[in-house]
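1. Here you go, sequence then predicted model.
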Amino acid sequence: MIDGMAVTDAHMHVPRLSTVSPAWMQWAADFGQDSGWQTVFDPDGDPVPARLDAMLEAEGVDVALLFAEYSPRTTGIQPIEDLLPLVEHNPGRFRLVANVNPAVHADPAAEAARQLGLGAVAVKLHPVHGAFRPGAGALYPVYGLCAERGVPVIVHTGGSIFPGSESEAGDPGLMRQVIADFPGVTFVLAHGGRGHWYADAAALALAGPDVWIDLAGLPPKRLPGYYAGFDLPALARRWIFGTDWPGVPGVARNARAIAALGLPGDILAGVLSGHAAQVYLRG
């Protein structure tokens with residue numbers, strides 16, 4: 001907890017460093033330079049479960065969602081299996097998030113099912129890093145699988161600084177037909193349309209009960225400006241706190257910056273942990 005508030009960081013990357021691209025390493029160094037993230041890893045670049053657990057305890061994080069990623073053209077292959085020792089160390093704190101890429105996985109739905117079988121609580125798609133569109137036919141069986149199992153789908157929206165990215169694939173508008181075709185699926189728009197599409201992401205989140213915005217990578221103090229023209233407390237009822245660790249100055253710093261926005265107490269509690277529990281930790 002932070003200042004008496006439960007906190008879930010719903011967007012963290014904790015790979016073995018030998019699996020990531022040089023651009024990922026530079027991103028972590030540039031954006032996480034004040035967080036001390038390197039101390040979590042051993043000399044070979046593997047995350048040490050006890051160190052990560054202790055760091056999150058000190059930062060006040062009660063629950064953390066750990067993301068796999070299969071994006072060889074941008075950030076590297078970060079297999080879900082590499083995250084299993086972290087979950088085994090403290091299953092009360094850590095949860096897995098699956099990732100599929102139709103350019104990597106011949107049968108994305110089968111791969112999603114395999115990763116869900118390892119304990120993942122959601123499936124992440126990264127159209128920008130994978131250079132695909134979220135409405136691709138190969139992904140419809142993934143959405144169908146998630147509909148059958150009641151599993152939320154996280155989709156990267158907005159651009160990316162990584163070389164090889166296709167930022168136009170991050171347009172939240174590309175999700176409109178998918179959302180319409182799968183009304184029973186909960187969708188989370190990671191990064192909230194970062195860059196060109198904040199308003200589009202906000203409009204989608206406010207249009208129905210099953211679309212949320214993940215705040216990872218967004219400086220909290222800038223949120224009122226990013227979402228100018230929207231009623232901020234109303235929109236915050238659709239926000240889920242996440243940091244994009246290690247590319248963040250610190251989890252506690254970001255959580256306190258969210259608190260400093262002056263949201264009503266019940267809404268703030270939802271942003272910091274309640275909404276994540278509703279979306280990801282059901283049952």
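-> That came through fine.
2. drop to CA atoms for contacts and neighbour counts, all remaining ones
-> Will do.
3. For R16, see how far away the residue of the chain positioned farthest from its centre is.
-> Relative to the average C-alpha location in the chain, and by CA atoms, centre = their mean, no residue lies farther out than P43, which sits at 26.9 Å. Spatial separation of P43 from R16 under the definition CA to CA, to the nearest Å is 11 Å.
4. Determine the number of other residues adjacent to V63.
-> Per other CA atoms under 10 Å, the neighbour tally for V63 reads 24.
5. didn't it look like it was pressed against L96?
-> No: in this structure V63 lies outside contact range of L96 using CA atoms under 8 Å: 10.9 Å.
6. got any residues that touch both of these two?
-> Between them, V63 and L96 share no contacting residue under CA atoms under 8 Å, 6 or more residues apart in numbering.
7. mind pulling up the phi and psi values for the residue farthest from the centre of the chain?
-> Backbone dihedrals for P43, given as degrees, to the nearest 10, come out at phi -60, psi -20.
8. Then the one 3 residues further on?
-> For D46, the backbone dihedrals are phi -100, psi 140 (criterion: degrees, to the nearest 10).
9. Please name the spatially closest residue to it (chain neighbours excluded).
-> R16 (4.6 Å; CA to CA, 6 or more residues apart in numbering).
10. For that neighbour, give its distance to A29.
-> Distance of R16 to A29, computed by CA to CA: 15 Å.
11. again, but for V121
-> Using CA to CA, V121 is found at 29 Å from A29.
12. Repeat that for F132.
-> Using CA to CA, we find F132 at a distance of 28 Å from A29.
13. can you give me the strands for the stretch 151-283 of the chain?
-> Secondary structure of the stretch 151-283 of the chain (DSSP state E, counting those that start in this stretch): strands located at 153-158, 187-194, 211-214, 239-240.
14. mind giving me CSV with those and columns for distance to Y280, mean pLDDT and mean neighbour count?
-> Formatted as CSV, the strands of the stretch 151-283 of the chain follow (distance: least, CA to CA, whole Å; pLDDT from 0 to 100; neighbours: other CA atoms under 10 Å):
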stretch, distance to Y280, mean pLDDT, mean neighbour count
strand 153-158, 10, 96, 26
strand 187-194, 10, 96, 26
strand 211-214, 12, 98, 27
strand 239-240, 10, 98, 26
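15. Can you lay out those as a markdown table showing distance to E81?
-> As requested, the strands of the stretch 151-283 of the chain are exported to a markdown table (distance: least, CA to CA, whole Å):
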| stretch | distance to E81 |
| --- | --- |
| strand 153-158 | 19 |
| strand 187-194 | 23 |
| strand 211-214 | 24 |
| strand 239-240 | 25 |
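16. I179 is nearest to which of those?
-> strand 187-194 (7.6 Å; CA to CA).
17. residues making contact with the closest one?
-> Residues lying outside strand 187-194 but in contact with it, judged by CA under 8 Å, 6+ apart, are 152-159, 170-172, 179, 198-202, 210-218.
18. And for L125, the neighbour number?
-> Here the count is done by other CA under 10 Å, and L125 has 25 residues near it.
19. Now for it: which residues touch it?
-> Taking CA under 8 Å, 6+ apart as the contact definition, L125 lies against N99, V100, N101, P134, V153, I154, V155, H156.
20. all helices of the stretch 51-200 of the chain, in order?
-> With DSSP state H, counting those that start in this stretch as the criterion, the stretch 51-200 of the chain has helices at 84-89, 108-117, 127-130, 140-149, 176-181, 198-207.
21. Of those, give the one that comes closest to A58.
-> Taking CA to CA as the criterion, helix 84-89 is the member of those that comes nearest to A58, at 16.6 Å.
22. helices and strands around that closest one, which ones?
-> Using 3 or more CA pairs under 8 Å, 6 or more residues apart in numbering; DSSP states H and E as the contact definition, the elements that helix 84-89 packs against are helix 49-59, strand 94-100.
23. which residues does the closest residue in space to H126 that isn't next to it in sequence contact?
-> In this structure, H126 finds its nearest non-sequential neighbour in H156, 5.2 Å apart by CA to CA, 6+ apart. With contacts defined as CA under 8 Å, 6+ apart, the neighbours of H156 are K124, L125, H126, P127, V128, G170, L189, A190, H191.
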